[in-house]
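J.: how would this look folded up:
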Amino acid sequence: EVKHLETMVRGAGASVWLLALCSLLQAWHPNARFQTITHGATSPLRFEPCRGGSGGALPTSEDTGPWAAGHTKLRGGDYIGAREDFQEAVTQDVQCVQAHVSLGKVALKWEGDPVSAKKHFEDALANGKLTSRGEGVVLSDAEVEATVGLAVALSDESCLAPSRAERLFRRALRVSPTHVEALCGYAGLLQDTGGDDAQAERLIYRALEHDPRDPEALCALATFVGKSRGDFSSAEQLYTHALSIDPEHVPSLCNLGQLHQICHKAVGPAEKAFEKALALRPAYAPGLASLALLHHTSTGDFHKAQELYQLALRSNPAHPATLLNAAFLEEVQFQRPWMSLQMLTRAHKVLPRGGAVVSSLARSMDHADGNCRRAIKLYEGALEADVTC
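T.: Sure, this is the predicted structure:
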């Protein structure tokens, strides 16, 4: 596989350092694992998955109406106007699968809201009647995109359902074996759920074989070497290479910013990367949460951090890590234990067996209202889920 990748990137005219990475791949220790990096708030370094592509069958020059108008606005960066047009297309024809898919892509790609995206993609599949036709059917382009989009949404902590997500990725790849977002999304799911790292690596190589210069595939490889191998130097180079191909690839910008902040303690470059991502997508929840964390833990601008956490939670109200960090800020810096308790209760509804969420909620209950009995039960529940918590 390494030799094949080397031949492939030579043919694509890749830079010298990427060829050197092929040699580095041969030297990786097979049992190396990602070492969690923690910070002052309560969530570890988190790489943002690729969520690219406008998705589905795109309008042609002959298409008219709100769906086509929405894509024109989206190309210009007006995601709010595009969303309104896509919603109008659904109002005019509730069975317009493409419009449902486009709404899901706006929620996922532009706002970082997998919960809303999940609903839109499920609506697309229901109106496409995919569920009643079985898995052996030939899917339309829009149905493939809806299947992949739903799988990506179900891979996020906000609405995590890994078994269902895996089935959907497999279904999409049976129909479209070279679908880059499906390959990279499935690889990310395997890494995040403690699955087969070797299989995840093979999936990413398949995506790179299809297109060695695809920024999503390069971003996925960067995330893999960072999370599974702990090789943050190569990860940084790969993110940089992805951005040299597509300077507006937002997941690469966010992940590169995290590497600058947490691995290099380089606040300036991290802030620049996050702000560039948010200039492209102002409501993108992962970018807002990352910049909030930067101000929370590195610059000491707690009011700015509070504002950014609130904006991130407006886009994705159910993201556990953002709720956890915002609660930590409210309790420690602003002395508002009741606000902290409210946020942790919301996080607990999403991740009822998450060790960090449960233990934080127990501590908050103990401090906020002296509910020791309830706190003890929560601590015991956290230990049942993870005895090392």
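
J.: and Leu238, what element?
T.: Assessed by DSSP states H and E, Leu238 sits inside helix 232-245.

J.: packing partners for that helix?
T.: If contacts are counted by 3 or more Cβ pairs under 8 Å, 6 or more residues apart in numbering; DSSP states H and E, helix 232-245 sits against helix 16-27, helix 215-227, helix 250-258. Placement of C-beta: from N, CA and C, glycine included.

J.: low-scoring stretches of the protein, by residue?
T.: Across the chain, the ranges flagged by pLDDT under 70 are 1-64, 128-138, 368-369.

J.: try 80
T.: For the chain, the stretches with pLDDT under 80 are 1-64, 128-139, 195, 353-355, 366-371, 381-382, 384-389.

J.: any idea where the strands of it begin and end?
T.: Using DSSP state E, the chain contains no strands.

J.: what about Gln342, how many neighbours?
T.: 15 (other Cβ atoms under 10 Å).

J.: go on, Gly76?
T.: 10.

J.: which residues does it contact?
T.: Applying Cβ atoms under 8 Å, 6 or more residues apart in numbering to Gly76 gives no contacts.

J.: Quick check: phi and psi at it.
T.: phi -90, psi 0 (degrees, to the nearest 10).

J.: how close does it sit to Ala69?
T.: Distance of Gly76 to Ala69, given as Cβ to Cβ, to the nearest Å: 11 Å.

J.: show me what contacts Asp197?
T.: Asp197 sits in contact with Leu190, Gln191, Phe224, Ser228, where contact means Cβ under 8 Å, 6+ apart.

J.: ok, the last one touching Gln191?
T.: Yes - using Cβ atoms under 8 Å, Ser228 makes contact with Gln191 at a distance of 6.0 Å.

J.: of these two, who's got more company?
T.: More crowded of Ser228 and Gln191, by other Cβ under 10 Å: Gln191, with 23 against 19.

J.: Would you confirm that that one contacts Arg229?
T.: No - using Cβ under 8 Å, Gln191 is not in contact with Arg229, being 10.7 Å away.

J.: For the helix holding Leu238, which residues meet the burial criterion?
T.: Phe232, Ser234, Ala235, Glu236, Gln237, Leu238, Tyr239, Thr240, His241, Ala242, Leu243 (16 or more other Cβ atoms under 10 Å).

J.: before we move on, what about stretch 197-216?
T.: Those would be 197, 200-201, 203-208, 212-216, for stretch 197-216 by 16+ other Cβ under 10 Å.
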